[in-house]
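Here is a sequence with its predicted model. Questions after.
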Amino acid sequence: MPALKNIKRLPEDLINRIAAGEVVERPASVIKELVENSIDAGATHISIVTAKGGKDLMRVSDNGSGMDENNLKLCVERHATSKLSNDQLDRINSLGFRGEALASIGSVAQLSVKSRPHDQGTGLIVEVTGGKISQPGPVSMNRGTIVEVKNLFAKVPARLKFLKGDRAENSAITDIIKRLAMANPSVHFILEGGDRQTSNWPGQTGPDAQKSRLGQIIGSEFINNSVVLANTRHKIVVTGMAGLPTFTRANSMMQFFFVNGRAVRDKVLIGAVRAAYGDFIFRGRFPVVAIFVDIDPGEVDVNVHPAKTELRFRDSGAVRSAVIAATGLALNEAGYRASSQLSTSTIGAFSTPAQSGQTRTGFPPSAGSTQFISSAQPSNVEFEGLSEPSARYEEPQQEDYSDFA
């Protein structure tokens, strides 16, 4: 019989490192938590700097509301947050609410938080090293908050060796920022670093702000080959843009879903899009969509996983029908028109390149354009192989049956 073992309380640092296993999976998850904090603080300009895929350095700077000394000391403690005003989880209106991100990050990396409220003449800094929190000290800085993370997983080599290469980690960070930027078109995002290409997405305003931001990130080709979604069903508002049935991809990586401003990956929404396009696209092809669902916060539970990318709808059938209805209505109004990309390539496939000097009937040749033979004029151009008997069309000869008469 095994010996009886006593139960003991775990030390605070070990608790944070265990919690970090779910909150801090990779550098991209750190960036996500920090940028969400900036958005919740009302920032309109957010700058992100990384080095070596975020393993050596991650810095997020914003012009948000900032924190005073008391809030700065509490922000790095476990389960401390300002986003649950009534201590209830049934109506969450912010991106963050668990209050464990900074404490988890500080347990597996070197963390420093600088902040200056708009009504203060100077800023304060607090540092976390090995889970130990320093006392706030003065620092010179602009209004807002700067969070810097260095040497991620340096003291957890088992986690560090499972990270992917710098390029893959940079790509994951870029994908996170793209989704956050799509959900917040009025915020100016800058993503830069010595080992990456700088991405600069200025904030967009006006009635077409969402469309302009999607054009910045997904590209103008998507804007030109998509329809606008705008419909309300079961008190659920569905907006965004959906690609035409002929504008598809080989995977679902270009499908973006947002619920109350939060980027999510939900089976209900994925299934709704699949059903809406079921009669229009081939199996194995995926439409390009960016769908924004606005629903009563009391009708959705976002406290499913620490990463906060999963959620549960109280009435998933109503959400599914709202997305299908909005997408189907927009596609019907589009008249199933083909995308410009496919139309151009299809027309080109049925055109015959002409010899030098020949042009299309009625149109002068344009500089740099491909010239075509008019189908209304006979051509003397001979194509290799078509003069052979096996390929040449010949009039059938009349058989002579007089010998059998």
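Nice, thanks for sending it over.

ok, now which ones touch the closest residue to Asn231 other than its chain neighbours?
In this structure, Asn231 finds its nearest non-sequential neighbour in Ala326, 3.7 Å apart by C-beta to C-beta, 6 or more residues apart in numbering. Bear in mind the C-beta positions are built from the backbone N, C-alpha and C, glycine included. Contacts for Ala326 (C-beta atoms under 8 Å, 6 or more residues apart in numbering) come out as 229-231, 233, 238-239, 291.

if we go to 6 Å?
Residues in contact with Ala326, defined by C-beta atoms under 6 Å, 6 or more residues apart in numbering, are 229, 231, 238.

Please apply the same query to Val237.
Residues near Val237 by C-beta under 6 Å, 6+ apart: Asp294.

quick one on the thing from earlier: show the average pLDDT along the host helix or strand of the residue nearest to Asn231.
Assigned by DSSP states H and E, Ala326 belongs to helix 316-334. On average, the pLDDT along helix 316-334 is 93.

If the residue nearest to Ser134 when sequence neighbours are not counted is in a bridge, with which residues?
Leaving aside its chain neighbours, Ser134 sits nearest to Glu127 (4.5 Å; criterion: C-beta to C-beta, 6+ apart). Bridge pairing for Glu127 (DSSP bridges) gives the partners Ser112.

Same check on the one 10 residues further on?
Assessed by DSSP bridges, Gly137 has beta-bridge partners Ile125.

Can you list the low-confidence ranges for this structure?
Filtered on pLDDT under 70, the chain yields the residue ranges 1, 16-22, 82-91, 94, 96-99, 303, 305-308, 336-405.

what comes into contact with stretch 126-140?
By C-beta under 6 Å, 6+ apart, the surrounding residues in contact with stretch 126-140 are 13, 69, 72, 76, 106-107, 110-114, 122-125.

who wins for most neighbours among these?
Neighbour tally across the contacts of stretch 126-140 (other C-beta atoms under 10 Å): the maximum, 27 neighbours, falls on Gly106.

other SSEs contacting the host helix or strand of Gly106?
Using DSSP H and E, Gly106 maps to helix 101-108. Judged by 3 or more C-beta pairs under 6 Å, 6 or more residues apart in numbering; DSSP states H and E, the packing partners of helix 101-108 are helix 12-23.

what's downstream of the helix it packs on, the next helix or strand?
Later in the chain than helix 12-23, the nearest helix or strand by DSSP H and E is helix 27-40.

Now do that following helix and helix 101-108, the angle between them.
Interaxial angle, helix 27-40 versus helix 101-108 (axes from the mean of the first three to the mean of the last three C-alpha atoms, to 10 degrees): 150 degrees.

so how far is helix 27-40 from its chain's centroid?
Remark: helix 27-40 is offset 14 Å from the chain centroid, using C-alpha atoms, centre = their mean, to the nearest Å.

And the contacts of that helix?
Here helix 27-40 makes contact (C-beta under 6 Å, 6+ apart) with 24, 46, 54, 58, 60, 62, 64, 94-96, 101, 105, 147, 149, 169, 172-173, 176, 180, 184.

what sits up against the helix or strand just after that helix?
Later in the chain than helix 27-40, the nearest helix or strand by DSSP H and E is strand 45-51. Among residues not part of strand 45-51, those counted as contacts by C-beta under 6 Å, 6+ apart are 38, 57-63, 188-193.

which of these count as buried?
Neighbour counting over the contacts of strand 45-51 (16 or more other C-beta atoms under 10 Å) leaves 38, 57-63, 188-191, 193 as the buried ones.

can you pull the contacts of Ala101?
Applying C-beta under 6 Å, 6+ apart to Ala101 gives the contacts 23, 33.

Can you list phi and psi of Asn260 for me?
Backbone torsions of Asn260, given as degrees, to the nearest 10, read phi 50, psi 40.

returning to what we had before: so of the contacts of helix 27-40, which ones are in helices?
Secondary structure from DSSP state H places 101, 105, 169, 172-173, 176, 180 of the contacts of helix 27-40 in helices.

Make JSON lines out of the residues you listed and add distance to Asp266.
Listed next are the ones in helices among the contacts of helix 27-40 as JSON lines, based on distance: C-beta to C-beta, whole Å:
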{"residue": "Ala101", "distance to Asp266": "22"}
{"residue": "Ile105", "distance to Asp266": "26"}
{"residue": "Glu169", "distance to Asp266": "25"}
{"residue": "Ala172", "distance to Asp266": "20"}
{"residue": "Ile173", "distance to Asp266": "22"}
{"residue": "Ile176", "distance to Asp266": "17"}
{"residue": "Leu180", "distance to Asp266": "17"}
